[in-house]
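>>> Next come a sequence and a model predicted from it.
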Amino acid sequence: MARPRRKWQVLFIAVILAAVAVFASVFAAAGSARADESPDGQTVTDFVVKGFITYEEKPLEGVKLSIDGNGFSGETETDAEGAWTLYVPEKAEYTLTVDESTLPDGVIVADGSEKEVVFKLTNTVRINMFLGEGERVTESFADQLLVRISNGLQFGLLLALAGIGAALIYGTTGLSNFAHGELVTWGAFVSLVFTSFWSLPLWAGLIAGVIGGAALGLALDAGLWRPLRRRGLGVVQLMIVSIGLSLTLRYVIQFFIGGGTFQLEGANMAPMKFGPIALSWVDIISIVVCIVCIGAVAFFLTRTRLGKATRAISDNPQLAAASGINVDRVIRIVWVIAGMLAAVAGILWAYYRPGITWNMGTGMLLLIFSAITLGGLGTAFGALVGSLIIGLVVEVSTLFGVPSDLKYASALVVLIIILLVRPQGLLGRKERLG
């Protein structure tokens, strides 16, 4: 009897040693990751933009600077010697901006607060700032509010495209699809492959992205979700499967395009001024496309036989099946529509950010869930209302002192407040429990 006990003891010790080795490697990796960060939290790269800010031969500490371009953004501030350093992921064109509100009173950047950053032969660019006395030109509160509302509506429409698809899936299947963010990324990824990698025209890449989204939605339902539904898996099990699917799709996309940022053609069009509001042709086309797609979904749900069947399944799937509706067929079509809407949202999101990354849809996922919860779970029109509210709150909140890093948290605060008053959401219906 001693040998089996020793075997279990040896196995237990081996497991403990393996766990210690795994944790040691994790902590070592974490330590190396921390070593690759600058004191202000930037990821250290080989490409550096740096300089000094002084005024009357004295260094200015705490002046904030930001850099944007090529789908990347970063920020820092000057140290006690007036020195600042910004790291960028690759050689490209960027825009460096000095926050003049952090300069002393009456001091401005004499030659403009924005500088174009262009890398040449070296990996380092030095920028000199010349300060002088002057009056800062600022926008009025009304103009800033109009700009934020414009940005909020545009962002809300993008969010609505993705949110409506997720709401239709939840309404017909009860599935909270954590892989929906990857459906958003997939549309932009397919368009990128067709245009940048295969050098096809932009229109061909955009059409391929939408078709690719529909094909992925069809494949996922036919190959994964329908078999799991037929096996009788519960909602929690399906949700866990969707989390695993999200991770799989995300890292498959990263395997093909890496961790960089890619641009679609026309992503950096010059904006046109409409009073205080600046919109490019891409922004205008994006808004029109969102409105047309949302209108098409509304017509589908309210005027077509298949749309009415979709709403019937959302209300009561058992009763819908008993009345002769082919539930599996309707769900299959819903997955195709959701994939198409997510792909369109992903393409437009790539222009709005701008840039395509392997995890771009993941950042939208929490806001998508917030929008459909706020509007009422399972209702497409509720997802639209919730998305517009969240888009406006996210953009307008920064006007009232909310830091830009916390603007998405402000949308979640509004969600909590509204759910405390109306737990079923704005357009949801009360349900009896028990």
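Okay, I see it.

>>> Contact partners for residue 339?
With contacts taken as C-beta atoms under 8 Å, 6 or more residues apart in numbering, residue 339 has the following neighbours: 165, 183, 186, 213, 214, 215, 216, 217, 218, 220. All C-beta atoms are positioned from the backbone trio N, CA, C, and that covers glycine.

>>> try it again with 7 Å
Taking C-beta atoms under 7 Å, 6 or more residues apart in numbering as the criterion, residue 339 is in contact with 183, 213, 214, 216, 217.

>>> Mind listing what's buried along the helix or strand hosting it?
Counting by DSSP states H and E, the secondary-structure element that holds residue 339 is helix 327-352. Neighbour-count burial for helix 327-352, counted by 16 or more other C-beta atoms under 10 Å, picks out 327, 330-352.

>>> returning to what we had before: which pair in the contacts of residue 339 spans the largest distance?
Using C-beta to C-beta, the two most remote members of the contacts of residue 339 are 183 and 214, lying 10.3 Å apart.

>>> ok, the two, which is more surrounded?
Comparing residue 183 with residue 214 by other C-beta atoms under 10 Å, the one with more neighbours is residue 183, at 29 against 19.

>>> ok, now how distant is the more buried one from residue 335?
Distance, residue 183 to residue 335, using C-beta to C-beta, to the nearest Å: 10 Å.

>>> Overlap of the contact sets of those two?
Residues touching both residue 183 and residue 335 (C-beta under 7 Å, 6+ apart) are residue 217.

>>> quick one: residue 49 is in a helix?
No. Read with DSSP: H, G, I helix; E, B strand; the rest coil, residue 49 is strand and lies in no helix.

>>> contacting residues for the nearest residue to residue 349 once chain neighbours are set aside?
Using C-beta to C-beta, 6 or more residues apart in numbering and skipping the chain neighbours, the partner closest in space to residue 349 is residue 158 (5.7 Å). Each residue near residue 158 by C-beta under 7 Å, 6+ apart is listed here: 290, 345, 348, 349, 352.

>>> ok so, going back, got the contacts of residue 339 as a markdown table, with secondary structure, distance to residue 386 and pLDDT columns?
Output for those, formatted as a markdown table (DSSP: H, G, I helix; E, B strand; the rest coil; distance: C-beta to C-beta, whole Å; pLDDT from 0 to 100):
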| residue | secondary structure | distance to residue 386 | pLDDT |
| --- | --- | --- | --- |
| 183 | helix | 19 | 95 |
| 213 | helix | 22 | 95 |
| 214 | helix | 24 | 96 |
| 216 | helix | 25 | 95 |
| 217 | helix | 22 | 95 |
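
>>> Pick the one among the residues you listed closest to residue 361.
The shortest separation between residue 361 and any of the contacts of residue 339 is 7.1 Å, and it belongs to residue 183 (by C-beta to C-beta).

>>> Isn't that closest one up against residue 344?
No. Contact status for residue 183 versus residue 344: not in contact, 10.7 Å apart, counting by C-beta atoms under 7 Å.

>>> measure residue 200 to residue 301 for me?
With C-beta to C-beta as the criterion, residue 200 and residue 301 are 34 Å apart.

>>> same question, residue 260
According to C-beta to C-beta, residue 260 stands 39 Å off from residue 301.

>>> quick one, which of these two is more surrounded?
Neighbour comparison, residue 260 and residue 301: the larger count goes to residue 301, with 19 against 14 (by other C-beta under 10 Å).

>>> What's the local residue count around residue 420?
8.
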